[in-house]
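A.B. asks: here is my input; please provide its structure:
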Amino acid sequence: MERQAAPTALGCSSAERTERMKGALPIDRVGTLDEAASAALWLASPEATFTVGHDLVIDGGATA
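C.D. replies: A predicted model of the protein is given here:
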């Protein structure tokens, strides 16, 4: 017997929600935690010392 994913509060499984999100992004995939962490680490690094007053948007192009 194959186990089915439990529906979430949105009425679909997390796999279905991920597929919907992927389709809405220009890069056609969902970002990873490592990608978000890399951006945060860069902002905290010496390489970003001249970066001031900037919003670093990590959304796969959703707001582009």
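A.B. asks: give the contact list for residue 12.
C.D. replies: residue 20 (C-beta atoms under 8 Å, 6 or more residues apart in numbering). (C-beta placed from N, C-alpha, C; glycine too.)
A.B. asks: how about the nearest residue to the spatially most central residue of the chain, chain neighbours excluded?
C.D. replies: With distances taken as C-alpha atoms, centre = their mean, residue 31 lies nearest the centre of the chain, 3.7 Å away. Counting by C-beta to C-beta, 6 or more residues apart in numbering, residue 60 is the residue found nearest to residue 31 once chain neighbours are left out, at 5.5 Å.
A.B. asks: also residue 56?
C.D. replies: Counting by C-beta to C-beta, 6+ apart, residue 56 lies nearest to residue 39, which is 5.8 Å off, once chain neighbours are set aside.
A.B. asks: next up, phi/psi of that neighbour, please.
C.D. replies: Torsion angles at residue 39 (phi, psi; degrees, to the nearest 10) stand at phi -60, psi -40.
A.B. asks: and for residue 37?
C.D. replies: Main-chain torsions, residue 37, degrees, to the nearest 10: phi -70, psi -40.
A.B. asks: got it, and residue 44?
C.D. replies: Phi and psi for residue 44, reported as degrees, to the nearest 10, are phi -90, psi 0.
A.B. asks: contacts only, for it.
C.D. replies: Counting by C-beta under 8 Å, 6+ apart, residue 44 touches no other residue.
A.B. asks: pLDDT score for it?
C.D. replies: Here the pLDDT value assigned to residue 44 is 92.
A.B. asks: do residue 9 as well
C.D. replies: The score at residue 9 is 59. That number is its pLDDT.
A.B. asks: repeat for residue 37
C.D. replies: For residue 37, the model assigns a pLDDT of 95.
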